[in-house]
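Student: Have a look at this prediction, sequence included:
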Amino acid sequence: MNWIRVEDRLPENKDEVLVWEKWSTIPFIGYWNGRDWFVDHTFANVTGWDGGIEDRIEQKYISHWQPLPPAPKGDE
């Protein structure tokens, strides 16, 4: 799957997707609600950053997104 620029297209409302924040070095899971991005930074707490579930992120900080991959099947 390729990254999609937010200027080119946005995901369907509330579909969870991978998002890339301009200042980040790793992707996060988030969703677009038709007006704002919400991003789950929960796992970033292990690094000492005080993020939390569904932190609202200003749209200018999300540069790209892509659909989540399908879940594994069976013994994959």
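Tutor: Yes, it's here. All figures in this text were calculated on a predicted structure; none of them were measured in a lab. Numbers count the residues shown, from 1 in each chain.
Student: Please make it C-alpha for all contacts and neighbour counts, starting now.
Tutor: Noted.
Student: surely Glu16 meets Pro67?
Tutor: Yes: here Glu16 reaches Pro67: they are 7.4 Å apart, a contact under Cα atoms under 8 Å.
Student: so where's the chain shaky on pLDDT?
Tutor: 41-59, 76 (pLDDT under 70).
Student: neighbours of Glu7, just the number please.
Tutor: 8 (other Cα atoms under 10 Å).
Student: Strands of this structure, residue ranges please.
Tutor: Here the chain has its strands, by DSSP state E, at 4-5, 17-21, 28-32, 37-40, 55-57, 62-67.
Student: Let me have those strands in JSON lines, adding mean neighbour count as columns.
Tutor: JSON lines is the format used below for those (neighbours: other Cα atoms under 10 Å):
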{"stretch": "strand 4-5", "mean neighbour count": "16"}
{"stretch": "strand 17-21", "mean neighbour count": "22"}
{"stretch": "strand 28-32", "mean neighbour count": "21"}
{"stretch": "strand 37-40", "mean neighbour count": "21"}
{"stretch": "strand 55-57", "mean neighbour count": "15"}
{"stretch": "strand 62-67", "mean neighbour count": "19"}
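Student: Tabulate those strands in a markdown table, adding columns for distance to Pro11.
Tutor: Shown next, in a markdown table, are the strands of the chain (distance: least, Cα to Cα, whole Å):
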| stretch | distance to Pro11 |
| --- | --- |
| strand 4-5 | 9 |
| strand 17-21 | 8 |
| strand 28-32 | 7 |
| strand 37-40 | 10 |
| strand 55-57 | 15 |
| strand 62-67 | 8 |
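Student: Out of the ones you listed, flag the one nearest Asp75.
Tutor: strand 62-67 (22.8 Å; Cα to Cα).
Student: Parallel or antiparallel, which strands does the closest one pair with?
Tutor: Pairing partners of strand 62-67, with direction, according to DSSP bridges: strand 4-5 (antiparallel), strand 17-21 (antiparallel).
Student: and these as TSV, adding distance to Pro27?
Tutor: Listed next are the strands paired with strand 62-67 as TSV, based on distance: least, Cα to Cα, whole Å:
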stretch	distance to Pro27
strand 4-5	13
strand 17-21	5
